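> structural data only, the sequence is not supplied:
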């Protein structure tokens, strides 16, 4: 079995040569500083990814292996090495089929199983109110149901790691407690609770906010909205979409000042048509959406967002160029921070570790991923990494 070596500088400023044999790191040695080496980075982590290239995870079926391989290649070439496959709102029977298909595919493929390390159950238990439900179709929204949720988790092979809920809905607080006691993390989103309800949800174990300041009505009361309660509660970490459309930079800067970088994490919120060309598209469980030439995705004939076109590497650029972080800080918020919040250990640059890492440069405001190594396999740079779309 042949070996390959890679040289680069880590976020901590260490100059290393990493040798890979098979799917493991075979050796790591320090080298003298060399001008012009790329960064040697842990993989990006995305806790909210709805799909890509026309695939929605909540609509997987017998074609799942081929579809997931295509999406996996797209993710890895964009530097993403760990993903929560996100299930937005959909009919229960469809989600049962999807979880069964996903579990069978991941059980048969260790590489895919490492990439898609779990499921984020985002939809269904959200607010049915206009605006707050975002682009989710109201007919599939229902009150929390622990038995139906447990069935989906069993079908998935207990892969649901995170569930989103509107805590103000009937039965939600009891559901939160059951989920947390079962080892599943709970996020609050697509909801409009008052501060007392937010605090009650946190007391029962809710620990995250799904795409903070999004999934909300366009017009809200200046005080009677959930954003103040989310910001005020120190035990809630904020998920932030970094595509440049979901949030203005000042909102992210304010969130960072209040929460700190260790309590803010970036997600892509990638639409199932992320990576596709501009045009009108139809979504399972969601309203029709339009991809604009600049990558802005919105509900057809409305300004309501419908997920994102970019992958989470776009968040790195947004944090540096628009928010004002340095590159190491930005990369950590898209990698180590979300991993830590989920209790996930990323591969380290150490002999015997999984050979999954990224070689990249950040120059002139642009992230250039030169090489992604995933489970010891090289993946060439993507031609569409952070590029503007063209018709």
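Thanks, I have it. This is a predicted model, so every value here is computed, not measured.

> could you list the low-pLDDT ranges of the chain?
For the chain, applying pLDDT under 70 flags the ranges 285, 381-391.

> and the strands in the stretch 151-300 of the chain?
160-165, 185-188, 208-209, 237-241, 264-267, 279-283, 286-291, 297-299 (DSSP state E, counting those that start in this stretch).

> so which elements touch the last one?
Which is strand 297-299. Counting by 3 or more C-beta pairs under 8 Å, 6 or more residues apart in numbering; DSSP states H and E, the packing neighbours recorded for strand 297-299 are strand 286-291. In this view, the C-beta of every residue, glycine as well, is placed from N, C-alpha and C.

> tell me how far the strand it packs on lies from the chain's centre.
Averaged C-alpha coordinates place strand 286-291 at 20 Å from its chain's average position (C-alpha atoms, centre = their mean, to the nearest Å).

> any buried residues in that strand, and which?
286-287, 289-291 (16 or more other C-beta atoms under 10 Å).

> one more: stretch 225-232?
225-226, 229-231.

> cross those residues against helices and list the overlap.
For those, the ones inside helices are 226, 229-231, with DSSP state H as the criterion.

> show the contacting residues for the residue lying closest to residue 14 once chain neighbours are set aside.
Distances taken as C-beta to C-beta, 6 or more residues apart in numbering put residue 30 closest to residue 14, at 6.7 Å, once the chain neighbours are dropped. Taking C-beta atoms under 8 Å, 6 or more residues apart in numbering as the criterion, residue 30 is in contact with 14-17.

> cool, and residue 269?
48-50, 211, 214, 241, 243, 246, 307-308 are the contacts of residue 269 under C-beta under 8 Å, 6+ apart.

> and the gap between it and residue 343?
22 Å (C-beta to C-beta, to the nearest Å).

> one more: residue 23?
23 Å.

> rewinding a little: mind putting the ones in helices among the buried residues of stretch 225-232 in JSON lines, distance to residue 260 included?
As requested, these are exported to JSON lines (distance: C-beta to C-beta, whole Å):
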{"residue": "226", "distance to residue 260": "20"}
{"residue": "229", "distance to residue 260": "18"}
{"residue": "230", "distance to residue 260": "15"}
{"residue": "231", "distance to residue 260": "12"}
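
> which residues does the helix ranked longest in the chain contact?
The longest helix of the chain (DSSP H) is helix 92-108. For helix 92-108, contacts defined as C-beta under 8 Å, 6+ apart pick out 57-62, 64-65, 68, 85, 87, 90, 112-113, 116, 119, 124, 148, 151-153, 155-157, 159, 284-285.

> domains in the protein, by residue range?
3-40+350-380, 44-341 (automatic domain parsing).

> filter the contacts of residue 269 down to just the ones in helices.
Per DSSP H, the contacts of residue 269 never map to helices.

> pull the most distant pair out of those.
Largest separation among the contacts of residue 269 by C-beta to C-beta: 49 and 214, giving 15.2 Å.

> neighbour count for these two, which is higher?
residue 49 (27 against 20; other C-beta atoms under 10 Å).

> what residues are up against the more buried one?
57, 75, 80, 83-86, 267-270, 312.

> what segments of this protein are helices?
64-77, 92-108, 110-115, 146-155, 172-181, 195-203, 226-232, 249-259, 313-318, 327-333, 336-341.

> out of the ones you listed, nearest to residue 296?
Nearest of those (C-beta to C-beta): helix 313-318, 12.4 Å.

> who touches the closest one?
Counting by C-beta under 8 Å, 6+ apart, 44, 78-80, 240-244, 249, 266-268, 308, 327, 330-331, 333-334, 362, 365-367, 369, 385-386 sit against helix 313-318.

> just stretch 172-181 next, same as before
Contacts with stretch 172-181, where a contact means C-beta under 8 Å, 6+ apart, come from 125, 143-144, 146, 149, 163, 165-167, 185-186, 197, 200-201, 204-206.

> just the buried residues out of those, in PyMOL syntax.
The buried subset of these, as determined by 16+ other C-beta under 10 Å, is captured in PyMOL by this line:
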select buried, resi 125+144+149+163+165+166+167+185+186+197+200+201+204+205+206
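
> which one of the helices of the chain lies closest to residue 376?
When those are compared for distance to residue 376 using C-beta to C-beta, the nearest one is helix 110-115, at 9.4 Å.
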